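Peer 1: Prediction below, plus the sequence it came from.
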Amino acid sequence: MSNVLALKPYIELIRTHCSNLSQSEVINLLCGIAQEVPAKERQSFLEKLEITSSTPSTLSDRVEKVDEILSGIEGIIEDILERQESIEDGSYYEDYDNYDNYYDDEPDIISTEQREELKEAFADADQLFLAGELDSARKVYQKLISIFLHNSELDLYYSIDRQDIRINWRETLSRYCRCVYETVSAADRTRQVLDAMEADYPLADQYYGSSEEWLPSLQDIYNARPEEIIDWDDFLQGIQIVLQRNTGNRAVLLCLEAVHCTDGLQGLAAAVREKKSPLGYLYWLNQLELTPYGRKRHRLLWKPSTICRQTVCGLLPLMPWFGQANR
């Protein structure tokens, strides 16, 4: 589970807190928040509260805005290609007065300006998502994510890594997956969401740390929006069916998470023993110590934890991840 509080539980905490306040207490709370808003953002804050009116956008305006964002992303990609081509053919260095360090220079494959432009485009996608325009947000997220995770089709000279830009990848991908979930047909939902979740992404089996994971979990998708998600139980069953025979580490983790959601800890334990996946045992240990999906924390877990640890130690004592499991 990520250390960042997801949107759904965040909103639920606020709703619960505000429901216990009187009208005057809510007014005082809101005014206190308003005082902390920077001066240049006050007008925007008022518009969000609908205190001052902003011209409502029409459907054509929204479509035009999305097309403008997508066109801007295409422009950024072209600039990146041009930069990388100049680095590859050497023309990038023509601006240098001193060529003594020609071979020592390793220019960034994307410039600082291009990084900022990409971050702004991700922020635009987030705004579309939070406004409930999921189909538009999906298109923008998909275009941006492809630059970092599926850039083989872009004919880049140098591959761009997700670490080349500082954003919350887990939340971003969770939002993209939620867009896919809510905008595709029920018949295509399982497969398309799994593709968006990067279910086939290779994960090492020596270590598992849910808080350090950058790829979204099923729970992350569930918590991406405060609105209820439809047909979730059916989707979880579909996940288990599709991933049942997939032995990739990420696919195994997603399948086990789906089992955990539908069948609880006992079902998870049975599935872990059946799959005999090293990462699966670590996931099981991790879940024994966490609060699953908002239920009360399991407090008497020493005995099952001990049983699980003994199972791991007895079955696979020579695996490289044994030290982590034993801890």
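Peer 2: Sure, I can see it.
Peer 1: CA atoms for contacts and neighbours, from now on please.
Peer 2: Will do.
Peer 1: Let me see the ranges of the helices in the stretch 51-200 of the chain.
Peer 2: Secondary structure of the stretch 51-200 of the chain (DSSP state H, counting those that start in this stretch): helices at 59-89, 112-130, 134-149, 169-183, 186-196.
Peer 1: right, so those helices: which one is the most enclosed?
Peer 2: Highest mean neighbour count of those: helix 169-183, a mean of 23 (counted as mean count of other C-alpha atoms under 10 Å).
Peer 1: List of residues touching that helix?
Peer 2: Here helix 169-183 makes contact (C-alpha atoms under 8 Å, 6 or more residues apart in numbering) with 2, 6, 126, 129, 134-135, 137-138, 141-142, 189, 192-193, 196-197, 213-217, 220-222, 224-225.
Peer 1: CA atoms only for that helix - export them in CSV, please.
Peer 2: What follows is helix 169-183 as a C-alpha-only set of coordinates in CSV (Å, rounded to 0.1, in the frame of the first residue of the first chain):
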residue,chain,number,x,y,z
TRP,A,169,3.6,7.4,-10.9
ARG,A,170,1.4,5.2,-8.7
GLU,A,171,-1.4,7.7,-8.4
THR,A,172,-1.1,8.7,-12.1
LEU,A,173,-1.3,5.1,-13.3
SER,A,174,-4.2,4.4,-10.8
ARG,A,175,-6.1,7.3,-12.3
TYR,A,176,-5.4,6.1,-15.8
CYS,A,177,-6.6,2.6,-14.9
ARG,A,178,-9.7,3.9,-13.3
CYS,A,179,-10.4,5.9,-16.5
VAL,A,180,-10.0,2.7,-18.5
TYR,A,181,-12.3,0.7,-16.1
GLU,A,182,-15.1,3.2,-16.4
THR,A,183,-14.9,4.0,-20.1
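Peer 1: That one vs helix 186-196, what angle?
Peer 2: For helix 169-183 against helix 186-196, the angle by axes from the mean of the first three to the mean of the last three C-alpha atoms, to 10 degrees is 170 degrees.
Peer 1: So that it lines up with my notes, have the first residue be 647 from now on.
Peer 2: Sure, I'll start counting at 647 from here, so that last one is helix 815-829.
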